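1. Fold the following, please.
(chains A and B)
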Amino acid sequence: DARVTQTPRDKVTEMGQEVTMRCQPILGHNTVFWYRQTMMQGLELLAYFRNRAPLDDSGMPKDRFSAEMPDATLATLKIQPSEPRDSAVYFCASGLMAGPNTGELFFGEGSRLTVL
Amino acid sequence: EDQVTQSPEALRLQEGESSSLNCSYTVSGLRGLFWYRQDPGKGPEFLFTLYSAGEEKEKERLKATLTKKESFLHITAPKPEDSATYLCAARLRGYQKVTFGTGTKLQVIP
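-> Alright, predicted model coming up:
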């Protein structure tokens, strides 16, 4: 049963610490997304990759956030330094964006981040 | 700017009371309108994709429809297990970006 795997599921850290979240997309999917979900803003797109190349990271604060995809089985989202306003649930999703009738996304369970 | 707006924010129904959720979009060149279900503590789960105005999709008690400006998720005779947050999302033609609305939180009371 193919699924997107995210780690950690929960992370509590102190302001100023580095946080790294990891995602293993579904094998064969060519596009990987990072979203952040809060009660106020809903699901916000932070960044996404196609065939491991970053296409758009305009949704995330560049001074503290970075997203990479070192290989086809791993995507990372790093926050350094973390701030309390970064507290949210971070979702990774993957999909096959090829051809006219595609676009369904498969989401991981999310990483709940609390910055004190 | 591409926008996806959902209404209402929350909806409380009695079991068996049918209703509809609305998703309006201002994406030019729509390449797909998606509906997802999200349970507490879980990631969104895909329900439907609609590609062109007039298209309809059904799954159990759910039916999704699409016009040129909006989509509806119709829930017929809902059950308590249909309680969840329903999200719609839109994909612009020529891009991989998928923009989500803020969701409708549905509660079905036995």
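2. Mind checking what secondary structure the one residue sitting closest to the centre of chain A has?
-> Closest residue to the average C-alpha location of chain A: A:Trp34 at 2.8 Å, with C-alpha atoms, centre = their mean. Under DSSP: H, G, I helix; E, B strand; the rest coil, the three-state class of A:Trp34 is strand.
3. residues in contact with whichever residue of chain B sits closest to chain A?
-> Residue nearest to chain A within chain B: B:Gly43 (3.2 Å; C-beta to the nearest C-beta). Any C-beta I mention is one placed from the backbone N, CA and C, and that applies to glycine too. Residues in contact with B:Gly43 (C-beta atoms under 8 Å, 6 or more residues apart in numbering or on different chains) are A:Val4, A:Phe91, A:Ala93, A:Phe107, A:Gly108, A:Glu109, A:Gly110.
4. For the residue lying closest to A:Thr31 once chain neighbours are set aside, give me the pLDDT.
-> Counting by C-beta to C-beta, 6 or more residues apart in numbering or on different chains, A:Thr31 lies nearest to A:Met97, which is 4.4 Å off, once chain neighbours are set aside. A:Met97 carries a pLDDT value of 76.
5. need the contact list for A:Met97.
-> A:Asn30, A:Thr31, A:Arg50, A:Gly103, B:Gln96 are the contacts of A:Met97 under C-beta under 8 Å, 6+ apart.
6. So which residues on chain B come close to chain A?
-> B:31-32, B:34, B:36, B:41-46, B:49, B:51, B:87, B:89, B:91, B:96-103 (C-beta under 8 Å from any C-beta of the partner chain).
7. Of those, which belong to strands?
-> B:31-32, B:34, B:36, B:45-46, B:49, B:87, B:89, B:91, B:98-100 (DSSP state E).
8. what about the residue in chain A positioned nearest to chain B, how many neighbours?
-> Chain B sits closest to A:Phe107 of chain A, with a gap of 3.2 Å, by C-beta to the nearest C-beta. Neighbours of A:Phe107 under the rule other C-beta atoms under 10 Å in any protein chain shown: 23.
9. quick one: secondary structure of the residue nearest to A:Gly16 when sequence neighbours are not counted?
-> In space, and not counting its chain neighbours, A:Gly16 is closest to A:Pro81: 4.5 Å by C-beta to C-beta, 6+ apart. The local conformation at A:Pro81, judged by three-state DSSP, is coil.
10. Need the pLDDT of A:Pro81.
-> For A:Pro81, the model assigns a pLDDT of 96.
11. Pull the contacting residues for it.
-> Contacts of A:Pro81 were listed using C-beta under 8 Å, 6+ apart, and they are A:Met15, A:Gly16, A:Gln17, A:Glu18, A:Arg64.
12. can you count the residues close to residue 61?
-> Answering for chain A, as no chain was given. 13.
13. should've been chain B
-> B:Arg61, neighbours per other C-beta under 10 Å, totals 14.
14. How about the contacts made by it?
-> With C-beta under 8 Å, 6+ apart, B:Arg61 has these contacts: B:Ile75, B:Thr76, B:Ala77, B:Pro78, B:Lys79, B:Asp82.
15. go again using 10 Å as the cut-off
-> B:Ser18, B:His74, B:Ile75, B:Thr76, B:Ala77, B:Pro78, B:Lys79, B:Glu81, B:Asp82 (C-beta atoms under 10 Å, 6 or more residues apart in numbering or on different chains).
16. Next SSE downstream of the helix or strand of chain A with the lowest mean pLDDT?
-> Among the helices and strands of chain A, strand A:53-56 carries the lowest confidence by mean pLDDT, DSSP states H and E, at a mean of 87. Sequence order places strand A:65-71 as the next helix or strand after strand A:53-56, per DSSP states H and E.
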